[in-house]
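Colleague: give me coordinates for this.
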Amino acid sequence: MYSRHREGLKNLLNNEESKKSLELATTSWKIRSELADKIGKAGTY
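Modeller: All right, here's what the predicted structure looks like:
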């Protein structure tokens, strides 16, 4: 898993928390894509 931040910034999440957050985001977008025909496409308002 890849995670990078600008130099001089402090990470708010540790490595495990970052991994969980990225996994959640990926899963959420996958589910949203599956439902897009019913709920609309992302960025289309």
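Colleague: let me know the outermost residue of the protein.
Modeller: Here the chain reaches farthest from its C-alpha mean at Gly8, the gap being 22.8 Å by C-alpha atoms, centre = their mean.
Colleague: report pLDDT for that residue.
Modeller: Listed pLDDT for Gly8 reads 90.
Colleague: now do the SS call for it.
Modeller: coil (DSSP: H, G, I helix; E, B strand; the rest coil).
Colleague: next: the one 3 residues further on.
Modeller: Judged by three-state DSSP, the three-state class of Asn11 is coil.
Colleague: leaving out sequence neighbours, find the closest residue to it.
Modeller: For Asn11, ignoring the flanking residues on the chain, the nearest one in space by C-beta to C-beta, 6 or more residues apart in numbering is His5 at 6.0 Å. Bear in mind the C-beta positions are built from the backbone N, C-alpha and C, glycine included.
Colleague: check which helix or strand that neighbour maps to.
Modeller: Using DSSP states H and E, His5 sits within no helix or strand.
Colleague: that one: neighbouring residues, count only.
Modeller: Residues lying near His5 (other C-beta atoms under 10 Å) number 10.
Colleague: that one touches Leu12, doesn't it?
Modeller: No - with contact defined as C-beta atoms under 8 Å, His5 and Leu12 do not form a contacting pair (9.7 Å).
Colleague: how far out from the middle of the chain is whatever helix or strand Ala25 lives in?
Modeller: Element membership for Ala25, per DSSP H and E: helix 15-39. Relative to its parent chain, helix 15-39 has a centroid offset of 6 Å by C-alpha atoms, centre = their mean, to the nearest Å.
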